[in-house]
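>>> sequence first, predicted model second:
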Amino acid sequence: MRPIRWDGKQLLLIDQLRLPEDLTWITCKTVEDVAEAIEKMKVRGAPAIGATAAYGVAIGALANVEKNKQEFQSAIEKVCDRLAKTRPTAVNLFWAINRMRSVLSRHENDDVPKIVEQLVKEAEAIAEEDVRINQSIGRNGLPYVPDHARILTHCNTGSLATVEFGTALGVVRTAHAAGKSVHVYADETRPYLQGARLTAFELSHDGIPVTVITDSMAGHLMKTGNIDLVIVGADRITANGDTANKIGTYSLAVLANYHDIPFYVAAPLSTIDFGLASGDQIVIEERSAEEVAMIAGKRIIPQGVTALHPAFDVTPHELITAIITEKGVVEKPNTERMLQLKQQ
Ligand SMILES: CSC[C@H]1O[C@H](OP(=O)(O)O)[C@H](O)[C@@H]1O
């Protein structure tokens, strides 16, 4: 299932706000269409956001192909700035935008149509690479999934969070395909319900056993010996291995460590921000309280009562058993071991 499709000029996205009951596509014809889709979380997931933003730059380039060089470069800078303002935490967004920006500097002596062609190619390359990267993450994670594993996961880290296949769910898919009889317990993941709505949708579609639990059930399942491992995704991993991920991840890590259950993070290298030394430097997105106050369009909090909505939290690297990437696995991550991964 590919939730992000490019027809050479426009971007088609599954509207994830309407899953699982309605599988509908939206067509992004302009940069603003793309920016709004990311801001409103019609598309979400760190790698998916990165690829979507890259295609947003490509759409902006096609729209400005008639401009002279200077006007074109100025227009693309404005496009990049707009897309960079959509969501602050997932570093893949900025990684992808910077990669598109590097095309401009690499081809600064080419004419505008040539630059446009190269920008479109770069966006397509980012998307195709993501699928291969996810499959590598899956292979590298396979040894960490025992047969009959009962796997707890949080949020959605599958095809709907990437271009295809997924990161943490990519490890699950790989284990299932290798004949391991895994069973996934999917945290519903309030308030957006990525687990209940998206992970359950993906895994049931693929015939992988999945049981949805409320976020508050995870500790009980661990305490009663029903979880063998926890595997989650990431939005930004810093140089020491601290990991920002969907709100609720930190609680799972503390519980897993208390119950001596392995806690894995699966993510591509594009999610690692070596420019930040530790997780306390990560900007945590604050989203609207209304997204907490409402479920399926129904208000569950009295009018006038506010709600907090930090969309992510940070898990200290000391609580992470291993970080699984396409380049290899960092066990007991710390600054030294993360650097070794980078230098491989
Ligand atoms: C493949 S990692 C996806 C990552 O992104 C999610 O956040 P959001 O749904 O708000 O974009 C969540 O943190 C996942 O782990």
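Good, I have the coordinates.
>>> any idea which helix is longest in the protein?
helix 112-141 (DSSP state H).
>>> and the next helix or strand after that helix, what other elements does it pack with?
As assigned by DSSP states H and E, the chain's next helix or strand after helix 112-141 is strand 150-153. Helices and strands touching strand 150-153, by 3 or more Cβ pairs under 8 Å, 6 or more residues apart in numbering; DSSP states H and E, are helix 168-177, strand 183-187, helix 218-223, strand 229-232. All C-beta atoms are positioned from the backbone trio N, CA, C, and that covers glycine.
>>> ok, back up a step: near the ligand at all, the longest helix of the chain?
No: using Cβ under 6 Å from any ligand atom, helix 112-141 never reaches the ligand; the gap is at least 8.4 Å.
>>> what's the answer for stretch 228-243, then?
Yes: Stretch 228-243 is in contact with the ligand by Cβ under 6 Å from any ligand atom, via 232-235.
>>> if we can go back for a sec, tell me what the longest helix of the chain is packed against?
strand 4-6, helix 46-63, helix 69-84, helix 91-106, helix 168-177, strand 263-266, strand 322-324.
>>> so for that helix, mean pLDDT?
Averaged over helix 112-141, pLDDT sits at 98.
>>> chain center to that helix: distance?
Averaging C-alpha positions (Cα atoms, centre = their mean, to the nearest Å) puts helix 112-141 15 Å from its chain's average.
>>> which one of the helices and strands packed on helix 112-141 lies nearest to Gln118?
helix 91-106 (5.1 Å; Cβ to Cβ).
>>> flag every buried residue along the closest one.
Buried residues in helix 91-106, counted by 16 or more other Cβ atoms under 10 Å: 91-97, 99-101, 103-104.
>>> pipe those residues into CSV and attach distance to Gln73 per row.
Below are these laid out as CSV (distance: Cβ to Cβ, whole Å):
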residue, distance to Gln73
Val91, 25
Asn92, 24
Leu93, 21
Phe94, 19
Trp95, 21
Ala96, 19
Ile97, 15
Arg99, 16
Met100, 12
Arg101, 10
Val103, 11
Leu104, 6
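>>> closest to the ligand among these?
Asn92 (8.4 Å; Cβ to the nearest ligand atom).
>>> was I right to think the closest one contacts Ala54?
No: with contacts defined as Cβ atoms under 8 Å, Asn92 does not count as touching Ala54, sitting 9.7 Å away.
>>> excluding covalently adjacent residues, which one is nearest to Cys80?
The shortest distance from Cys80 to any non-neighbouring residue, by Cβ to Cβ, 6 or more residues apart in numbering, is to Ile97 (5.0 Å).
>>> how much space between that neighbour and Ile49?
As judged by Cβ to Cβ, to the nearest Å, Ile97 and Ile49 stand 10 Å apart.
>>> ok, and the closest non-adjacent residue to the closest residue to the ligand within the chain?
Going by Cβ to the nearest ligand atom, the ligand is nearest to Gly233 of the chain, at 2.8 Å. Distances taken as Cβ to Cβ, 6+ apart put Thr157 closest to Gly233, at 3.5 Å, once the chain neighbours are dropped.
>>> and that neighbour, what does it touch?
Thr157 makes contact with 45, 166-170, 199, 232-233, 266, according to Cβ atoms under 8 Å, 6 or more residues apart in numbering.
>>> if you set the cut-off to 7 Å instead, what comes out?
Contacts of Thr157 were listed using Cβ atoms under 7 Å, 6 or more residues apart in numbering, and they are 166-169, 232-233, 266.
>>> where does it land in three-state SS?
coil (DSSP: H, G, I helix; E, B strand; the rest coil).
>>> related to what we said a few turns ago, residues of the longest helix of the chain that come out buried?
112, 115-120, 122-124, 126-127, 129-131, 133-138, 140-141.
>>> just to revisit the earlier point, how close does the residue nearest to Cys80 get to Leu142?
32 Å.
>>> domain parsing for the protein?
4-135, 137-342 (automatic domain parsing).
>>> contact residues of the stretch 1-150 of the chain facing the ligand?
Counting by Cβ under 6 Å from any ligand atom, the stretch 1-150 of the chain sits next to the ligand at 44-47.
>>> on that earlier part again, same list (the helices and strands packed on strand 150-153) but as JSON lines, adding mean neighbour count and mean pLDDT.
Output for these, formatted as JSON lines (neighbours: other Cβ atoms under 10 Å; pLDDT from 0 to 100):
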{"stretch": "helix 168-177", "mean neighbour count": "26", "mean pLDDT": "98"}
{"stretch": "strand 183-187", "mean neighbour count": "23", "mean pLDDT": "98"}
{"stretch": "helix 218-223", "mean neighbour count": "17", "mean pLDDT": "98"}
{"stretch": "strand 229-232", "mean neighbour count": "26", "mean pLDDT": "99"}
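>>> now tabulate those in JSON lines and tack on distance to Asn68.
Output for those, formatted as JSON lines (distance: least, Cβ to Cβ, whole Å):
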{"stretch": "helix 168-177", "distance to Asn68": "44"}
{"stretch": "strand 183-187", "distance to Asn68": "52"}
{"stretch": "helix 218-223", "distance to Asn68": "57"}
{"stretch": "strand 229-232", "distance to Asn68": "47"}
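>>> any low-confidence regions in the stretch 1-150 of the chain?
For the stretch 1-150 of the chain, not a single residue meets the criterion pLDDT under 70.
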